[in-house]
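Undergrad: sequence first, then the predicted structure:
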Amino acid sequence: MARCIVTRALPGDAVARLSREHDVITWDGAEPPTSEELRDLVADADALLSLLSDRVDADLMDASPRLRVVANYAVGYDNIDVAAAEQRGIVVTNTPDILTDATADHAFALLAAVARRIGEGDDYVRRGEWQGWHPLLLLGKPIFGARIGIVGMGRIGRAVAERAKGFGMEVLPYRRGDGPEVLRDLLATSDFITLHCPLTDETRHLIDAAAIETMNDDAILINTARGGLVDLHALASALVAGTVGGAGLDTTDPEPISTDHPILRAPRTIITPHIGSATTHARTAMADMAVDNLLAVLADHEPLNPVTEVLTNPRRT
């Protein structure tokens, strides 16, 4: 029986299934475990089910000599030092595909909400300022027939493109390997720009002050990928100056964002607390997949969704 650490309570019965075969400890703190708390939790663990907020680095791995597998409860895995895991024979897995539709739905919901000023309209009504219909009240940006630039054409990017086609939108894609001129053209000609690429050293602050200057003054930026893709201070300045039309953000850098961050005072901005995959179906299926990956590796089988290229894990017993 292996010792398994789960760093947060999860929906569904996946953790209960894991508990029927292995010894499971679930972190029950109100906040995510600190790096020190996580290190103590995993010190004698064979398996870890981690979240994006859990930094799984080389130091943690070295302090956990029994660790054989890390199942990340996410598609992305920039919170894990994958190279260090491969060097130590630790299997890393993720949860692809399952949250594609939920995240694409949320990206499009943010797009529509910012374009049609839904948040502002709701606040306007709740403040008691609605005195009747007016032809100039809260004029927004049309969606049907507009141009949408999609940065990253993986599963989620393609799903957003399918939704955009239903609104008669012209899709401008930016794929991995495209040159910087393709991105510049996309930024300069798109009415909406939505980010769906991973966070890497190359993509960090992909949307910086220079990129924002390239965008149309009424362009709307959507980010449901990773907060580090966008320089939030530069974006906030552009929104205040009116050189960007609006923003819909489900991810920020850092997370959670401080209440005094200038982006929270920027106009025509909607920010949600990283809930792109937050449907009961998606989050439960993610838990099932993460646990299935743990069970497979602990039974000396190959994982369903490996991120690492480890085929024969030296840490397996």
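TA: Ah, there it is.

Undergrad: how near is the most centrally placed residue in the chain to Leu206?
TA: Centroid-nearest residue in the chain: Ala225, 4.0 Å away (criterion: C-alpha atoms, centre = their mean). Here the criterion is C-beta to C-beta, to the nearest Å. By it, Ala225 lies 10 Å from Leu206. In this view, the C-beta of every residue, glycine as well, is placed from N, C-alpha and C.

Undergrad: overlap in contacts of the two?
TA: Leu195, Cys197 (C-beta atoms under 8 Å, 6 or more residues apart in numbering).

Undergrad: ok, now which ones touch the residue nearest to the centre of the chain?
TA: Ala225 sits in contact with Gly76, Gly152, Ile156, Leu195, His196, Cys197, Pro198, Leu199, Thr251, where contact means C-beta under 8 Å, 6+ apart.

Undergrad: now the second one: closest residue in space that isn't a chain neighbour?
TA: It refers to Gly152. Setting aside the residues directly before and after it, Gly152 is nearest to Cys197 in space (C-beta to C-beta, 6 or more residues apart in numbering), at 3.3 Å.

Undergrad: thought the one you found was touching Leu206?
TA: Yes: contact criterion C-beta atoms under 8 Å: Cys197 and Leu206 qualify, at 7.3 Å.

Undergrad: between those two, what contacts are shared?
TA: With C-beta under 8 Å, 6+ apart, Cys197 and Leu206 have common neighbours Val151, Leu229.

Undergrad: averaged pLDDT, the longest helix anywhere in the chain. What do you get?
TA: Among the segments of the chain that qualify as a helix by DSSP state H, the longest is helix 280-298. Mean pLDDT, computed over helix 280-298, is 98.

Undergrad: now do stretch 102-115
TA: 98.

Undergrad: and Lys168, what does it touch?
TA: You called it Lys, but residue 168 is Gly. Contacts of Gly168 (C-beta under 8 Å, 6+ apart): Phe144, Gly145.

Undergrad: distance of it from Arg147?
TA: With C-beta to C-beta as the criterion, Gly168 and Arg147 are 11 Å apart.

Undergrad: what segments of the protein are helices?
TA: 14-21, 35-42, 58-62, 82-87, 100-115, 118-126, 155-166, 180-189, 209-214, 232-241, 280-298.

Undergrad: please tell me how far the closest residue to Pro262 other than its chain neighbours sits from Gly246.
TA: For Pro262, ignoring the flanking residues on the chain, the nearest one in space by C-beta to C-beta, 6+ apart is Ala236 at 4.1 Å. Here Ala236 is placed at a distance of 12 Å from Gly246 (C-beta to C-beta).

Undergrad: the two: which has the busier surroundings?
TA: The neighbour count for Ala236 versus Gly246, taken as other C-beta atoms under 10 Å, is higher for Gly246 (25 against 20).
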